[in-house]
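# output the structure for:
(chains A and B)
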Amino acid sequence: MSLASQSLCSLKRQLQSGEISSRDIVEDVIDQIESRNQSIGAFLSFDAKSALEAAQHADLSLPLGGLPIGIKDNINVNGEPCTCGSKFLENAYTAPYDATAIQKLRQAGAIPFGRANLDEFAMGSSTENSALQITQNPSAPGHIPGGSSGGSAAAVAGNLIPATLGSDTGGSIRQPASHCGVVGLKPSYGRVSRYGLVAFGSSLDQIGPLTHTVEDSALLLNAIAGFDPRDSTSLNEKVPDYTEGLDQGVAGLKLGLPKEYFTEGIDSGVRERIETAAKTLEAQGAELVEISLPHTEYAIATYYIIAPAEASSNLSRFDGVRYGNRSENPQDMLELYNQSRAKGFGSEVKRRIILGTYVLSSGYYDAYYLRAQKVRTLIRQDFQNAFEKVDAILTPVAPEPAPKMGSATEDPLKHYLADIFTLSANLAGICGISVPLSPLNNLPVGLQILGPHLGEKTILRCARSIEISQTSVD
Amino acid sequence: MADHAIDVRYVANLARIQLSDEEVERYGAQLTSVMAHIEKLSEVDVEGVEPTYHSATSENRVRQDEPVESLSPAAFLANTPDQSQGQLRVPKVVDA
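Residues are numbered from 1 along each chain as shown, chains lettered A, B, ... in the order given. Next comes the predicted model:
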């Protein structure tokens, strides 16, 4: 078993007993990437030299001492490229600072390593919108890895690196985790600083871990969570030890099954897997409760107003003036903007900017954007009401397992509709985790466990129970 | 809200993205179907409902008005496509 394929917790034990060194791990990660990344396509680039140097000085007494962590290519790491999977930033930007999550990783002793592929500016759910590279699903050859953190999920599933960071605006950590068969956690809004994460939907974005195990997920969350004065939406709340109490089991917990999530459009095999997982938890002492989230049918429409609106504003910074690729010989400023953006952005990014600009434009603001923000309140209230009755909510992550590569037509609405189970959590600001169940026709399927705002400990505990039951099935 | 057709060229101009004729047509058709779905929101009774701009319930926070360390001019300019004399350079904006 290669070092790169092992869990963080297992590597940590071997490091502390002196069986292996940090350099051994980093060297193996480099070997694995050099020999297999060409076929998987999870990483866009990596800096072997500085990682090996950091391994040399690793402080093994720290929680993540000497452990390499892959980074989605929309999170700034000082001195490294940050392409966001876009031609706009390809070979035209070197990060001049560390994102807060990266700073915190370093403080915990970890070594940020490599740049993981993504849908351009995190817009998409297949990683096929990356303008730079195709990423395969290592757990299901010929199928998409999901997205937008497809590179981060594929890097872990393909055993190229023990763990990665991704970002989740509407499901972009949980859905690729589900499709690739790894654990993916989206923290509550405000739990992890967004400083240094290239902004997509600022009221929705969160950075989170993709890992082999639930314990690793908790370990990484410990490191990256916490208050940051440089993010005005960061929460000044104490960070508990998320690794503590993972094995408490689910006895006595009330787990909700939202009736609106188990209707038409969900693959029967996926549905059966989720119901079996729920029964497994029931057998371990949890109580299953049918709940209602009545505004579910409006979540997609709400999200696809708010996210593009925020994106159109956030992406206005890519104007070809301060960074990124500028069009050649522009005659005036207008041409500089128009041409740089025309050449730099791919189709999905242009579509979303146009949609967002439209819903914010004069005469339409009240009808679309303001109305969506009000419906968002109702969606939040649905969850608040539900969490008065239950401790966590069990749902599918995606309506079906990973589709075949290239099977997607350019029908944006069809893709948007597939985000139904994940994007409500971002609208409501609550936390969610995807944990692997047994595969369906050799395709990974994840269970989504949603928790209340700052309810990460509860969902981690439920996910751990599922993980143990899966291991005993295998 | 009944007419779902977006004047794509006009909106793209607001967003400062030059589009080809082919793109205008393609995005127009795609966004029309997205807007038709978004129309669902008009069914919802939002009378008296406060909008949610942020899902975290924290107050608006401002820092003390004191100088803090930030990027050096050299680090800032390292990524610019064109610079001159320590400043960003762009095409002429005002005629002499």
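
# mind listing what's buried along stretch A:97-111?
Burial within stretch A:97-111, assessed by neighbour count using 16 or more other C-beta atoms under 10 Å in any protein chain shown, is assigned to A:97-106, A:108-111. (Each C-beta comes from the backbone N, C-alpha and C, glycine too.)

# repeat for stretch B:32-40
B:Val34, B:Met35, B:Ile38.

# give me the residues contacting that stretch.
If you take C-beta atoms under 8 Å, 6 or more residues apart in numbering or on different chains as the criterion, stretch B:32-40 is touched by A:297-298, A:300-301, A:304-305, A:355, A:368, A:411-413, A:416-417, B:1, B:4-6.

# out of those residues, list just those in strands.
Among these, no member is found in strands (DSSP state E).

# got the residue ranges for the strands in the stretch 1-150 of chain A?
Along the stretch 1-150 of chain A, counting by DSSP state E, counting those that start in this stretch, strands occupy A:43-45, A:68-72, A:111-116.

# ok, A:Lys12 touching A:Leu67?
Yes. A:Lys12 is in contact with A:Leu67 according to C-beta atoms under 8 Å; the separation is 6.8 Å.

# same drill for the two, tell me which one is more crowded.
A:Leu67 (31 against 21; other C-beta atoms under 10 Å in any protein chain shown).

# was I right about that one contacting A:Arg106?
No. A:Leu67 is not in contact with A:Arg106 according to C-beta under 8 Å; the separation is 11.5 Å.

# so what's the residue in chain B that chain A sits nearest to up against?
Proximity of chain B to chain A (C-beta to the nearest C-beta) peaks at B:Ser55, 2.5 Å away. Taking C-beta under 8 Å, 6+ apart, we find B:Ser55 in contact with A:Tyr189, A:Ser203, A:Leu204, A:Arg380, A:Asn426, A:Leu427, A:Ala428, A:Gly429, A:Ile430, A:His453.

# for A:Gly432, same thing?
A:Arg174, A:Leu185, A:Lys186, A:Thr422, A:Ala425, A:Gln448, A:Ile449, A:Leu450, A:Gly451, A:Ile459.

# per-residue confidence at the fourth one?
So that's A:Thr422. In this model, A:Thr422 is scored at 98, pLDDT.

# gap between it and chain B?
Counting by C-beta to the nearest C-beta, to the nearest Å, the separation of A:Thr422 from chain B is 15 Å.

# what ranges do the helices span in the stretch 201-350 of chain A?
Taking DSSP state H, counting those that start in this stretch as the criterion, the stretch 201-350 of chain A contains helices spanning A:214-224, A:268-283, A:299-314, A:333-344, A:347-360.

# with adjacent residues omitted, what lies nearest to residue 50?
No chain was given, so I picked chain A. Excluding its sequence neighbours, the residue lying closest to A:Ser50 (C-beta to C-beta, 6 or more residues apart in numbering or on different chains) is A:Gly79, at 7.4 Å.

# chain B is the one I meant
The nearest residue in space to B:Glu50 (C-beta to C-beta, 6+ apart) is A:Thr377, at 5.8 Å.

# from what I can see the one you found touches B:Val49, true?
Yes. A:Thr377 is within contact range of B:Val49, at 5.3 Å (criterion: C-beta under 8 Å).

# so these two - more neighbours on which side?
Neighbours were counted for A:Thr377 and for B:Val49 using other C-beta under 10 Å; A:Thr377 has more, 20 against 16.

# the more buried one: what's it in contact with?
B:Val49, B:Glu50, B:Pro51, B:Thr52.

# just A:Ile30 next, same as before
A:Phe46, A:Ala48, A:Ala51, A:Leu52 are the contacts of A:Ile30 under C-beta under 8 Å, 6+ apart.

# please apply the same query to A:Phe113.
Applying C-beta under 8 Å, 6+ apart, the residues contacting A:Phe113 are A:Val26, A:Val29, A:Phe46, A:Asp47, A:Ala51, A:Pro68, A:Ile69, A:Gly70, A:Ile71, A:Ile161.

# residues in contact with the fourth one?
When you say that, I think you mean A:Asp47. Going by C-beta under 8 Å, 6+ apart, A:Asp47 touches A:Gly79, A:Glu80, A:Phe113, A:Gly114.

# ok, and the most crowded of these?
In the contacts of A:Asp47, the most neighbours by other C-beta under 10 Å go to A:Phe113, 31 neighbours.

# from A:Ile69, how far off is it?
Using C-beta to C-beta, to the nearest Å, we find A:Phe113 at a distance of 6 Å from A:Ile69.

# pLDDT below threshold where in chain B?
By pLDDT under 70, the low-scoring segments of chain B are B:1-4, B:56-59, B:96.

# give me every residue in the stretch 201-350 of chain A lying close to chain B.
Residues of the stretch 201-350 of chain A found near chain B (C-beta under 8 Å from any C-beta of the partner chain) are A:203-204, A:229, A:232-233, A:235-236, A:295, A:297-298, A:300-302, A:304-305, A:312, A:316, A:319-326, A:330-339, A:341-342, A:345, A:347, A:350.

# which PyMOL command selects the buried ones in these?
In PyMOL syntax, the buried subset of these is picked out as below (16+ other C-beta under 10 Å):
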select buried, chain A and resi 203+204+232+233+235+295+298+300+301+302+304+305+312+319+320+321+322+323+324+325+326+330+333+336+337+338+339+341+342+345+347+350
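
# quick check: residues of the stretch 51-200 of chain A near chain B?
So far as C-beta under 8 Å from any C-beta goes, the stretch 51-200 of chain A lies against chain B at A:Ala92, A:Tyr93, A:Thr94, A:Pro96, A:Tyr97, A:Tyr189, A:Gly190.

# go with 7 Å
Applying C-beta under 7 Å from any C-beta of the partner chain, one finds that the stretch 51-200 of chain A approaches chain B through A:Tyr93, A:Thr94, A:Pro96, A:Tyr97, A:Tyr189, A:Gly190.

# can the residues you listed go into CSV with extra columns for pLDDT and distance to A:Leu220?
Converted to CSV, those look like this (pLDDT from 0 to 100; distance: C-beta to C-beta, whole Å):
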residue, pLDDT, distance to A:Leu220
A:Tyr93, 97, 26
A:Thr94, 97, 26
A:Pro96, 96, 25
A:Tyr97, 96, 21
A:Tyr189, 97, 18
A:Gly190, 96, 18
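
# pLDDT value on the residue in the stretch 351-474 of chain A that chain B sits nearest to, please?
Chain B sits closest to A:Gly429 of the stretch 351-474 of chain A, with a gap of 2.5 Å, by C-beta to the nearest C-beta. The confidence metric pLDDT takes the value 97 at A:Gly429.

# which ones are touching it?
For A:Gly429, the contacting residues are A:Ser188, A:Tyr189, A:His453, B:Ser55, B:Ala56, by C-beta atoms under 7 Å, 6 or more residues apart in numbering or on different chains.

# with A:Phe46 instead?
A:Ile33, A:Phe113, A:Gly114, A:Arg115.

# verify the stated contact: the first one with A:Leu160.
Spelled out, it's A:Ile33. Yes. The pair A:Ile33 / A:Leu160 is scored as a contact, 5.3 Å apart, by C-beta atoms under 7 Å.

# find the residues that touch each one of the two.
Common contacts of A:Ile33 and A:Leu160, defined by C-beta under 7 Å, 6+ apart, comprise A:Phe43.

# neighbour-wise, which of these two wins?
Neighbour totals were compared for A:Ile33 and A:Leu160, and A:Leu160 leads with 32 against 23 (other C-beta under 10 Å).
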